[in-house]
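[1] Please find the sequence and the predicted model below.
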Amino acid sequence: MALYRRIPGAIAVITLTNPPVNALSCTVREAIYETVKRATADQEVKAIVLCGANGKFCGGADIKEFSREMRGPPLVPMIDMIEESEKPVVAVIEGVAFGGGLELALGCHYRIAHSGAQVGLTEVTLGLLPAAGGTQRLPRLIGVPAALDIITTGRHVSAQEAVRLGIVDKVTDSSAMEEAIEFAKTVAGEPMGPRRLSLWTAACPEDLDSLLEGALVRIRQRSRGALAPVACVQAVRAAASLPFAQGMKKEQELMAYLFTSGQARAMQYCFFTQRAAARWTTPSGASWENTKARPVRQAAVIGLGTMGKGIAVSLSRAGIPVIAVETEQKRLKAGRKAVNSMLTRESQKRGLAEAHLGSISFTLDLRKLRDTDLVIEAVFEDMALKKQIFSKLSSVCRPDALLCTNTSGLNIDEIASAASRPELVVGTHFFAPAHVMKLLEVVCGPRTSPVAVATAMQLAKRLEKIGVVVGNCSGFVGNRMMRPYTEQAYYLLEEGARPEEVDLVLEEFGFAMGIFRVMDLSGLDVGWRSRKELGLTGPKLPPGTEARSRGGKRYSPLPDILCESGRLGQKTGRGWYLYEKERVATPDPWLQSFLEDYRSRFGIQSRRVGQDEILERCLYSLINEGFRILQEGIAASPEDIDVIYVSGYGWPRHRGGPMFYAWMVGLPKVLDKLEHYHRTHPDIPNLAPSSMLRKLVARGSPPVHQWRALIQQHSSQL
Ligand SMILES: CC(C)(COP(=O)(O)OP(=O)(O)OC[C@H]1O[C@@H](n2cnc3c(N)ncnc32)[C@H](O)[C@@H]1OP(=O)(O)O)[C@@H](O)C(=O)NCCC(=O)NCCSC(=O)/C=C/CCCCCCCCCCCCC(=O)O
């Protein structure tokens, strides 16, 4: 709703009241209409102040309403009505003014912001465009180049930048409300014509075409295949070249197109699932609601390799004092130097005073950890070493200290077995670079206690990461699903495809990088080491093992051969591609002839592999593993899997995540294709459709949010 009150000085104050973010729901829109009409009709009122309850102006349109039939007054005429008011309307921007919230403020004649506020036209992040006049008013207010950036990226703009750009008229450190009331009194009675943005012309650079073309190039690099940012560019072009009314018509047309696109649906699904991941539960009945996290006042990180450094920086940035431990003086010194320079860069980038960072001390002495609340071990992926550390930690740390292991796939339960308090051992799978990447898989072993899960999830929140609770299995959720995906990519090469063909298909799907470019970037030796560890290649491989088969299943030795010949990816200048100029991947003629030799050595008839087959085999095998993960209870819901893939594995947001994508494609189609590919490749068990997929198809392919109920009938590892 919107509350109306009249205050001394002939001012009407209208307060949007719809917790938690004062979204513009049907009821709120109705109330705005009514209260603005009341204020404009009231002879005693000379000016109107529009604000939001609880220190937040407005979080925009109510996103939940987008999936229902639209009811109530639309936003556009409501904002027009405000702009047309003869009495000045002053928006008080505290907290946030996002999406429709900022568009509402742009319809007001003045905007006063608190210094801590943020504004933005965030619709593009939801697969939409600012269709309540935002694409037409913002360019008129601040010029086409700045508006284009804000509209196509959806980025959050600080109050300081907003006043610099001219989005808001004034910023204050004290009460924005009081400031606005006093200001409203001074402009009461003035003509409002010059303040109506719809009557302005957008300041436009001479070479509009090259500005817009440049934006499209950046969009293609950042979010290939996404429709919304491209539509945003078209709408801004209309603002630059058409009268307001025609620009608004274009905005509405583009919105109608986006609104009904699957992409908007997928991105709104991502918005809600990301928030839902914080509401974790386990089948034992423990949940975010009934389990209290332990306070973390001091933390420690063991190991200052790539991951340890990033984790230490993340903790410090969250204001948590950290003790960083290494085993050798030389490594400690190098780690300290690297961490300190990362922190300096961080504080410069974020404008943080060093005082806001948690202090980091560096030591070789594990005994210094006796008072820490939480330890994150981040040494190499070596089970024996990790167990040794956990055994030592048990004797050094307080009995209630939480012991976390940063591993990308090792057995948490086995690590916990080395600790005297296995219930306080939890896996924290950070993603590299750990101070940048948003995802944190919180891995529960069978003995992990609810309080350990709650504390790790609370930590994720403090680190501004998206924590997702997962069960314990090799690779957990994310890396486990990557295996069948990468294996398919190798098999496709064996059968006739080239790395650049596979990558192109995946990049056109929306991944920033295809799988072969990703492998080259992270180093082919990462996977090689783990395959050697598993005895799939290298010295542990039993003599006489067939080159292309392991345990009766198809195996591709391609990546092993590449590693053996020193092609480890970007770092060695060659991998699946050639890197003559640093980081630029070029198809390598050597690889092409190597693949031809390989195929003839093993009698493989090379064929042209179509784009559909590349996409389906790679993605459906990954999705199929996702269904197995659900079946085994390693993930609590399909939504959790999707959050992991979108926030940690570069899955395009406009495709919603693998499980959502499967549903959008149609579960019967996914099943049908998997059956077909499994018939053609019976030696690839990953292609055999999972029973969960079959079950969902048999139940009529219910929407993703209904799967959880079906899954709960299976056993859970969480
Ligand atoms: C920064 C935030 C605002 C707050 O962050 P934080 O404090 O961390 O809290 P959160 O956990 O994120 O959120 C708290 C809960 O609030 C829920 N929430 C947040 N924002 C919204 C919202 N806008 N609507 C609904 N619910 C919201 C959130 O889910 C949390 O609840 P829960 O935990 O999940 O239960 C942060 O929340 C944030 O960033 N929010 C989103 C801000 C945003 O992006 N806003 C833009 C929204 S879109 C918009 O405004 C569009 C405007 C123009 C629309 C014009 C008209 C549309 C209809 C036209 C149709 C025409 C097509 C016709 C087709 C045809 O022809 O058929």
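    Happy to help now that I have it.
[2] who touches the helix-or-strand element of the chain with minimal mean pLDDT?
    The weakest-scoring helix or strand in the chain, judged by mean pLDDT, DSSP states H and E, is helix 707-711 (a mean of 86). In this structure, residues lying in contact with helix 707-711 by C-beta atoms under 8 Å, 6 or more residues apart in numbering are 630-631, 633, 636-639, 659, 692, 695-696, 699, 702. Backbone N, C-alpha and C define where each C-beta goes, glycine included.
[3] One more pass at 6 Å, please.
    Leu630, Ser637, Pro638 (C-beta atoms under 6 Å, 6 or more residues apart in numbering).
[4] which regions of this structure sit below the pLDDT cut-off?
    For the chain, the stretches flagged by pLDDT under 70 are 351-356, 713-718.
[5] domain assignment for it?
    Following automatic domain parsing, one gets these domains for the chain: 2-259, 299-476, 489-601, 611-711.
[6] Is it possible to get TSV of those that adds distance to the ligand and mean neighbour count?
    Below are the domains of the chain laid out as TSV (distance: least, C-beta to the nearest ligand atom, whole Å; neighbours: other C-beta atoms under 10 Å):
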stretch	distance to the ligand	mean neighbour count
domain 2-259	2	20
domain 299-476	10	20
domain 489-601	20	17
domain 611-711	12	21
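[7] closest to Thr291 out of these?
    domain 299-476 (4.2 Å; C-beta to C-beta).
[8] Start and end of the closest one, how far apart?
    24 Å (C-alpha to C-alpha, to the nearest Å).
[9] which residue sits closest to Leu304 in space, ignoring its chain neighbours?
    Spatial nearest neighbour of Leu304, chain neighbours left out: Gly335 (2.8 Å); criterion: C-beta to C-beta, 6 or more residues apart in numbering.
[10] I'd assumed Gly303 was in contact with the one you found.
    No. With contact defined as C-beta atoms under 6 Å, Gly335 does not reach Gly303; the gap is 8.6 Å.
[11] Can you pull up the most central residue in this structure?
    Residue closest to the mean C-alpha point of the chain, counted by C-alpha atoms, centre = their mean, is Ser647 at 3.5 Å.
[12] what's near enough to touch that residue?
    Lys438, Leu439, Ile466.
[13] okay but the first one is in contact with Glu464, surely?
    No. The pair Lys438 and Glu464 fails to qualify as a contact (C-beta under 6 Å) at a distance of 7.7 Å.
[14] any idea which helix or strand carries Thr455?
    helix 450-462 (DSSP states H and E).
[15] try Glu441
    strand 439-444.
[16] what do you get for Lys349?
    Secondary structure assignment for Lys349, by DSSP H and E: helix 329-350.
[17] for Val45, phi and psi?
    Phi and psi for Val45, reported as degrees, to the nearest 10, are phi -90, psi 130.
[18] again, but for Gly471
    phi -90, psi 180.
[19] Output the domains of the chain in a markdown table; the columns should cover distance to Asn290.
    A markdown table is the format used below for those (distance: least, C-beta to C-beta, whole Å):
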| stretch | distance to Asn290 |
| --- | --- |
| domain 2-259 | 22 |
| domain 299-476 | 8 |
| domain 489-601 | 38 |
| domain 611-711 | 16 |
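[20] circling back: now do the strand holding Glu441: everything it contacts.
    Residues contacting strand 439-444 (C-beta under 6 Å, 6+ apart): 412, 427, 429, 431, 453, 456-457, 460, 465-470, 472, 476, 647-648, 718.
[21] Return the subset of those lying in strands.
    Under the assignment DSSP state E, the contacts of strand 439-444 contribute Gly427, His429, Ile466, Gly467, Val468, Val469, Val470 to strands.
[22] which residues touch stretch 24-35?
    Residues contacting stretch 24-35 (C-beta under 6 Å, 6+ apart): 1-2, 4, 14, 16, 18, 61-62, 71-73, 78, 100.
[23] can you redo the residues you listed as a markdown table with secondary structure?
    A markdown table is the format used below for the contacts of stretch 24-35 (DSSP: H, G, I helix; E, B strand; the rest coil):
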| residue | secondary structure |
| --- | --- |
| Met1 | coil |
| Ala2 | strand |
| Tyr4 | strand |
| Ile14 | strand |
| Leu16 | strand |
| Asn18 | coil |
| Ala61 | strand |
| Asp62 | coil |
| Arg71 | coil |
| Gly72 | coil |
| Pro73 | coil |
| Met78 | helix |
| Gly100 | helix |
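[24] which among these gets closest to Pro88?
    Using C-beta to C-beta, the contacts of stretch 24-35 come closest to Pro88 at Ile14, 13.1 Å.
[25] Please name the residues that touch that closest one.
    Counting by C-beta under 6 Å, 6+ apart, Ile14 touches Ala2, Tyr4, Thr35, Leu50.
[26] Equivalent analysis for Glu326, please.
    Contacts of Glu326 (C-beta under 6 Å, 6+ apart): Leu304, Leu332, Gly335.
[27] can the residues you listed go into a markdown table with extra columns for distance to Ile614?
    Listed next are the contacts of Glu326 as a markdown table, based on distance: C-beta to C-beta, whole Å:
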| residue | distance to Ile614 |
| --- | --- |
| Leu304 | 40 |
| Leu332 | 47 |
| Gly335 | 42 |
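[28] Lys368: which of these is nearest?
    Of all these, Leu332 has the smallest distance to Lys368: 12.3 Å, by C-beta to C-beta.
[29] how close does the closest one get to Glu34?
    66 Å (C-beta to C-beta, to the nearest Å).
[30] Which elements pack onto the helix holding Thr455?
    If you count contacts as 3 or more C-beta pairs under 6 Å, 6 or more residues apart in numbering; DSSP states H and E, helix 450-462 packs onto strand 425-430, strand 439-444, strand 466-471.
[31] That one to strand 439-444, inter-axis angle?
    Angle, helix 450-462 to strand 439-444, by axes from the mean of the first three to the mean of the last three C-alpha atoms, to 10 degrees: 170 degrees.
[32] ok, and what's touching helix 450-462?
    Helix 450-462 is contacted from outside by 286, 291, 293-294, 296, 318, 402, 424, 426, 428, 440, 442, 444, 467, 469, using C-beta under 6 Å, 6+ apart.
[33] Could you work out the most separated pair of those residues?
    Ala286 and Ala318 (24.5 Å).
[34] quick one: strands adjacent to the helix or strand that the helix holding Lys349 is followed by?
    Downstream of helix 329-350, the first helix or strand assigned by DSSP H and E is strand 360-363. Partners of strand 360-363 in the sheet, by DSSP bridges, are strand 322-325 (parallel).
[35] what sits up against the partner strand?
    Taking C-beta under 6 Å, 6+ apart as the rule, strand 322-325 contacts 299-302, 304, 312, 315-316, 358, 360-363, 368.
[36] now do 8 Å
    298-304, 308, 312, 315-316, 332, 335-336, 339, 358-366, 368-369, 372.
[37] and stretch 196-206, how far from the chain's centre?
    35 Å (C-alpha atoms, centre = their mean, to the nearest Å).
[38] For that stretch, give me every contacting residue.
    80, 83-84, 106-107, 109, 133, 136-137, 139-141, 143-145, 147, 193, 211, 239-241, 244.
[39] Then stretch 366-373?
    294-300, 302, 323, 325, 361, 375, 392-393, 396-398, 401-402.
[40] got the contact list for Ala240?
    So Ala240 contacts Pro139, Val144, Ala202, Cys204, Leu208 (C-beta under 8 Å, 6+ apart).
[41] What of Glu625?
    Glu625 makes contact with Arg480, Met481, Arg483, Pro484, Asn686, Ser690, according to C-beta under 8 Å, 6+ apart.
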